[in-house]
Every structure is written in structure tokens, then in C-alpha cells.
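Trainee: After the sequence you'll find the predicted model.
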2 protein chains.
Amino acid sequence: MAQKRDDTRRVTIYDVAREAGVVASTVSRAFARPGRVNAVTAQRIRLAAQHLGYRANPLARALPTGKTSIIALTISDVSNPFFTEIIRGAQAAAAESDFTMMLADGQESELLEREALERSIPIVEGLILASSRMSDAALKMTAKQKPMVVLNRSIPEVPSLVTDNLSGARQVAGYLHRHGHRSITYVAGPEASWADGARWSALRTVAAEMHLTTKRIGPFPPNIKGGQLAAEKLTVEKHRGHPPTAVLAYNDQIAIGLIRTLIAAGLDVPGDVSVIGFDDIFASRLITPALTTVAAPLRQMGEIAVHNLLAVIKGAQPKAGKAFVVPTHLVERESAGPARH
Amino acid sequence: MAQKRDDTRRVTIYDVAREAGVVASTVSRAFARPGRVNAVTAQRIRLAAQHLGYRANPLARALPTGKTSIIALTISDVSNPFFTEIIRGAQAAAAESDFTMMLADGQESELLEREALERSIPIVEGLILASSRMSDAALKMTAKQKPMVVLNRSIPEVPSLVTDNLSGARQVAGYLHRHGHRSITYVAGPEASWADGARWSALRTVAAEMHLTTKRIGPFPPNIKGGQLAAEKLTVEKHRGHPPTAVLAYNDQIAIGLIRTLIAAGLDVPGDVSVIGFDDIFASRLITPALTTVAAPLRQMGEIAVHNLLAVIKGAQPKAGKAFVVPTHLVERESAGPARH
DNA sequence: TTGAAAGCGCTAACAA
DNA sequence: TTGTTAGCGCTTTCAA
């Protein structure tokens, strides 16, 4: 038999029923389907509940129905500021619909991400995976278990939300082209990142349109350290006679690490090399020179993801097929400018 | 009656029981108390479970026992990098004990924090509140509902974990004193922050010992913007003839905002004013001049918090009384130096 | 509109 | 060591 609950026993539906002079199922009904119970009885029940301080036990409710009112948001790395606005948007949207959001951190590891996911799957009603490091196949599998939407990833079979990398790249290339650059070096992020592939191929596409040449180095970890590594690689290449005049980094963190290391090595940014990032994280404004970068409405992405997810949880047909794309725009600050000649 | 589960019905304990030729309770026992079941039966059950792909339903388990294997970590602001290492330490420690961690963000709002808390309380076995903005009274109340430990806060009735602000302040004051400063201005953080009070009073205590004078301005929001505001206030004060030569900020974010604004206003850091922060967030290394700051083993704090919490969940007597204090040390970088005269 | 009753999947007394 | 049984708190069909 069940062991006793802690000191202060919870007040149950039965207590309310007794107090209101009805039977338990009526109380349940009064909350779930207010229309199907006499108005005055309903009122009596509500009063009794309030009087006793009744709070439904979500666990007990979840057992027969499967409805836990919890969704999970998995991100690839809590320390990446890229996610903070997404988290907030998602949390706000979830709370608005009386859903609790569990946040799980994958720490840039596919294994950890998968483990965190496994642990949360049985208790959530739906999943949002932001910048997942898992494979498409794995993602498709888990999408079969629970309603799910992915962010920064496009998978035909599951509702996807991505930023407009193509437009972002076009703006970058356009800007650089106008400023006299004729070649752009892309500093790649993690191979497991869908966005990395998307950004690189977007850059190549638009560069071709504008008759710019491209180069790619990487992959590098998507953090300051990665930028540092990239800068070292770049300075070596430079000595071999291939100094890039413009680089586009996978994300702002890499761009920041890059800039700092380049400057420490005696180069001028943007004088010697223009550096542009992706994401517009807060720190972009902080470094010197301030970072020119491609921004997206992250908070909204979080909100939209939750709205879409809740819709399918509530029975809507998941909108698979093409990903929903949110617009991007280039924030021009100081780290990019005219090409040296 | 319960409605049908999704397409693929879960495999239950009953399926395993049938397959293994035993009764359900035996299966349950085989997992919960392996010692209390015949070795070969246990083996047979394990095989059957594996064969059928049985996974216990945590919700169902939780209903009779109250054991959800979930703990909650509430932080005052996801965007504050101060928490990232705490989060990781906590998550790692939780996963190690097969617990899932729910992260809830309070967004620097007592209301939001409390709401997030309310939502998670019924489904978790324990709570960790990091830098809570709630009142001591409210905290004591919720501590009665579930096992709980607080971080960056000291409450006699609940297990508390704090950094050694006194030692940190002493190192700061000592450093500044050695470099010829005779007065320190403290730039305060949020009033709801316990650490703010602790840091300010620590500073006053040690300053008195060393015959330094102190001033305090604030409160300011604990972010870059707050630092900017503080700098504006400071520059005004300066014109009134009270230019501080040394300031200690509530946290690194304020310190960073401060430095940037001071420099933008034409002052030299540390030439005109030395600035020191608290926490040693990652960005401290990024700005110019690199920030001198008081560091603490944050990741460990997260781990210790979880260990302590799990201990009391498992029945240990909560160690109330004095807070457990983790050591701090001053990381000397470039933002502080000799006093101007 | 309400009540009776069965059941969600699991646990834990109690007997055997 | 194993089986029997009741029950965690809620939902939902079925009757009344």
C-alpha cells in the first residue's frame, strides 16, 4: 500500500467532495467539464475547493490521461547565450498556457542530450529541441513517441523552425561586396550543427551570385576557444600567403574569440580583416570593436515553437514539410568595413 | 476510465509478469528490492523485461510513492552567466543519481520565480533555489513542503550554501590597500539579493579593519545596463568632487558595464579608477581591460547543493543552522591597480 | 445532472 | 520467496 505522505496530508478530491456534499467524480467533472454539471453544484464545489485549499495532484491526473502539462526544451549548451532569449520566449509561452517547461542541457554532447531526452520523454507531453546535436534519424524516431518541434534544424517529417540563413548570408555577402571584398572565409562550427551546414551552403550560394570566392576552415567548437583556434589557423594560412580580408563566423562566440586573438596577434579589425558573426548575442555589443552580426528574433522563435507544439498536443495536425523560417537582419557595428588592398 | 495511450501501447509490468511467469508484484519487487527475490526468478524477469523493452512508467511509480526522481533548480535569471556552471554541476550530480533536473527561470522577478516554483513543487522531490529573490519567510514556508537547499543565501532553518564573501572582500580590500587606495565605493545590486547585503557588509567590516573608508551607491540591476547606470551616477558624483579611486561592484556584469561606460566617458581604468567585480564570469576575460574579480567554485556549488538535497530526500536530517561556505579567491587581472594621486 | 464503479501502472502490507 | 490485495488521486464510461 502507499506510504503516508509527508506531515501535512494533501487535500484530495474526496475531501472536496465530502465538503461539497457530492461524490468525487462530480468534483472531477466540475473542473474538467464545467458545462456538464449543475451551475449551483459547480459553485458549491468551487467554494469547497477554495476553502480547503485544494490543488489537483498533477501526477494523479497524469496517470489516467497522460496529460502532465509539462513540455521539455532541450538545448545544446546552457552556457551559450544564443539560447537565453529562446528559453525565455518558450517559458513565457508555456506558462501562459499553464504548462511547465523543463529545460535540459546537452552540453554539446549527443550522448548527454539523448540521455536527458530519455529521462524527460516519459513525463512530458511534448518536446522542443533547439539546435539538437542528434542525427536526423534519431530525431525522427523520437518524434514518433511524442509531439515535437525542432529549432535551428529542418527535418521534413517534423515541424521545424529555422532562421533565414540564406537571407542573412546574402546581406553579409552584399555588405562585404559593397565594401570591396572579393573573398569570404567561413569559419565553421560543430559538424553536428545543422545551422553550420545551412550557413555555409547559404554563403556559397549567394557568393556565387555575386562572383565572390569562398573558403572554409573548421570545424571549431562554437565558443570563444573555438574562435581562438580559428584565428591561429588563419594566421598560419596568412603566412602562406592567403590572408583573408573577410571572415564570416558560424556564430558570435567564435567571431569574438577570433577578433580577440587576431588583435592580440597585432592585426587590425576591421582594418586588416573584417569579421562578421551570427546570432547577435549580448556580448557582441561588449567587445571592441563591436561585432557586426546577423540577428534573428530569438524570443519569438521560442514562443512560436511552444505555440506550435501546444497546438499539436491539443490535436492539431503537425505541420511537417517545409520549415517555418523567421527573418534575419544584419546588424552593422564596427568589426567589418572596407577591404584592405 | 483511462483513455487509450498513443498508437504503440506502453509495455507494463503486467506484460513482463506474464512473460516471466510470475505475478506483477514480483516484477515490481525484482526491480525495487532485488535482494528479496529468488536469483533465478529475478534473472528471468530481467530477461523478459529486456525482451519486451519494458521501461517503468515514472508517473505511475510516483503516484503511490511520491518519488518522481525529479528535482527543481530555480535561478533568478537564465541570462546571467553566473549560473551556467552551477547549472552544469547540479545537472551532472543529479544525472549521476538518476535524477532529472528541471530548471526554472525567475527572470529577476519574485512573482515569476514563485509561480515557476508553485508549478514545479507538486512534481519534484526537492528544490534548489539559487539566488532566490523571494523573502526569507516565503522560503521557510516552501521549505516545509519539500526538501530544499538554498544557494547564495543563508537562512538558519534551511540548508544553505554561500560563497565566502567575507574572505573575498578581505582580499579585495587588501589588494586595494596595498595599491594605495584609501576609499572603496561599493556599487550595489538588487535589494532582493541576499548576496548584495552580504557583500556590502563584508566590505564594511574588512574596510574598518584596514582603516579604509567606504561608500555605497545603488541599488542597480545586476547586468551591464546596471553598470552603465552606476557609471553615470559615479561621474556625476565625481563632478561634485568625490571621485572614487576604487570601486567594488556587486557582480561582474555591473563591473563590465561600469568599465565600458567609464572608458567611453574618457576615464582610464585602472588609471583613474580601479574596478573589481564578483563571480568571475566568462566575459570577465573578454573585456578590455580584463576584469579583476572574486571567483568561487561555482560548478562545485551546484554539485554540493544536489548532493545535500539528495541526502535529505533520502532521509538525512537537513543540516540547518550555519550555512556551508565555499572558498573564494581574487583573480587579479587588469582592471585594478595603483591609486591615482 | 449525478452517482457507481472500474481502471491508469505501480507499490507495499499481509498472508501463504 | 512468492502471491493476494488494496490503494495512490484522478478520470471516464455506464447507469440511474
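Mentor: Good, I have the coordinates.

Trainee: Please put the alpha-carbon coordinates of the host helix or strand of residue A:141 into PDB.
Mentor: Residue A:141 is part of helix A:136-145 when elements are defined by DSSP states H and E. Provided in PDB are the C-alpha atoms of helix A:136-145 (Å, rounded to 0.1, in the frame of the first residue of the first chain):
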ATOM      1  CA  ASP A 136      18.000  13.200 -38.300                       C
ATOM      2  CA  ALA A 137      17.200   9.500 -37.900                       C
ATOM      3  CA  ALA A 138      17.300   9.700 -34.100                       C
ATOM      4  CA  LEU A 139      15.200  12.800 -34.200                       C
ATOM      5  CA  LYS A 140      12.600  11.200 -36.400                       C
ATOM      6  CA  MET A 141      12.400   8.300 -34.100                       C
ATOM      7  CA  THR A 142      11.700  10.400 -31.000                       C
ATOM      8  CA  ALA A 143       9.200  12.400 -32.900                       C
ATOM      9  CA  LYS A 144       7.200   9.300 -33.200                       C
ATOM     10  CA  GLN A 145       7.000   9.000 -29.400                       C
END
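
Trainee: by contact count, what packs against that helix?
Mentor: strand A:148-151 (3 or more CB pairs under 8 Å, 6 or more residues apart in numbering or on different chains; DSSP states H and E). From N, CA and C alone the C-beta is placed, and that goes for glycine too.

Trainee: Quick one: mean pLDDT for the strand it packs on?
Mentor: For strand A:148-151, the mean pLDDT works out to 97.

Trainee: got the residues of the stretch 51-200 of chain A near DNA strand C?
Mentor: A:63, A:64 (CB under 7 Å from any atom of the strand).

Trainee: and residue A:306, that's in a helix?
Mentor: Yes - assessed with DSSP: H, G, I helix; E, B strand; the rest coil, residue A:306 lies in a helix.

Trainee: Who are the contact partners of it?
Mentor: Each residue near residue A:306 by CB atoms under 8 Å, 6 or more residues apart in numbering or on different chains is listed here: A:71, A:89, A:90, A:93, A:94, A:97, A:99, A:101, A:128.

Trainee: circling back: now the helix holding residue A:141, how far from the chain's geometric center?
Mentor: For helix A:136-145, the distance from its own C-alpha centre to the chain's C-alpha centre is 18 Å (CA atoms, centre = their mean, to the nearest Å).

Trainee: Now residue A:325. Its backbone dihedrals?
Mentor: Residue A:325 adopts backbone torsions of phi -110, psi 130, taken as degrees, to the nearest 10.

Trainee: pLDDT value on it, please?
Mentor: With respect to pLDDT, residue A:325 has a value of 96.

Trainee: again, but for the one 3 residues further on
Mentor: If you check residue A:328, the pLDDT there is 98.

Trainee: hang on, the earlier thing: for ChimeraX, write a command that selects the buried ones of the contacts of residue A:306.
Mentor: Only the buried members of the contacts of residue A:306 enter the following ChimeraX selection, criterion being 16 or more other CB atoms under 10 Å in any protein chain shown:
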select /A:71,89,90,93,94,99,101,128
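
Trainee: In helices only, show me the contacts of residue A:306.
Mentor: A:89, A:90, A:93, A:94 (DSSP state H).

Trainee: Any chance of those in a markdown table with distance to DNA strand D and pLDDT as columns?
Mentor: Listed next are the ones in helices among the contacts of residue A:306 as a markdown table, based on distance: CB to the nearest atom of the strand, whole Å; pLDDT from 0 to 100:
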| residue | distance to DNA strand D | pLDDT |
| --- | --- | --- |
| A:89 | 29 | 95 |
| A:90 | 25 | 96 |
| A:93 | 23 | 95 |
| A:94 | 19 | 95 |
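
Trainee: how about the helix or strand of chain A with the lowest mean pLDDT: buried residues?
Mentor: When the helices and strands of chain A are scored by mean pLDDT, DSSP states H and E, helix A:224-239 comes last with a mean of 87. Within helix A:224-239, the residues that count as buried by 16+ other CB under 10 Å are A:224, A:226, A:227, A:228, A:229, A:230, A:231, A:234, A:238.

Trainee: Residue A:256 is in contact with the first one, correct?
Mentor: It refers to residue A:224. Yes - counting by CB atoms under 8 Å, residue A:224 does reach residue A:256; the two are 5.9 Å apart.

Trainee: Quick check: neighbours shared by these two?
Mentor: residue B:286.

Trainee: did I read that right, residue A:248 in a helix?
Mentor: No - read with three-state DSSP, residue A:248 is strand and lies in no helix.

Trainee: what's near enough to touch it?
Mentor: A:169, A:172, A:184, A:185, A:186, A:187, A:199, A:203, A:276, A:277, A:278.

Trainee: 7 Å - rerun?
Mentor: A:172, A:184, A:186, A:203, A:276 (CB atoms under 7 Å, 6 or more residues apart in numbering or on different chains).

Trainee: Locate the third one within the secondary structure: which element?
Mentor: When you say that, I think you mean residue A:186. strand A:183-187.

Trainee: Which positions within that strand qualify as buried?
Mentor: Within strand A:183-187, judged by 16+ other CB under 10 Å, the buried ones are A:183, A:184, A:185, A:186, A:187.

Trainee: Could you dump those residues into a markdown table with pLDDT added?
Mentor: Formatted as a markdown table, these follow (pLDDT from 0 to 100):
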| residue | pLDDT |
| --- | --- |
| A:183 | 95 |
| A:184 | 97 |
| A:185 | 97 |
| A:186 | 98 |
| A:187 | 98 |
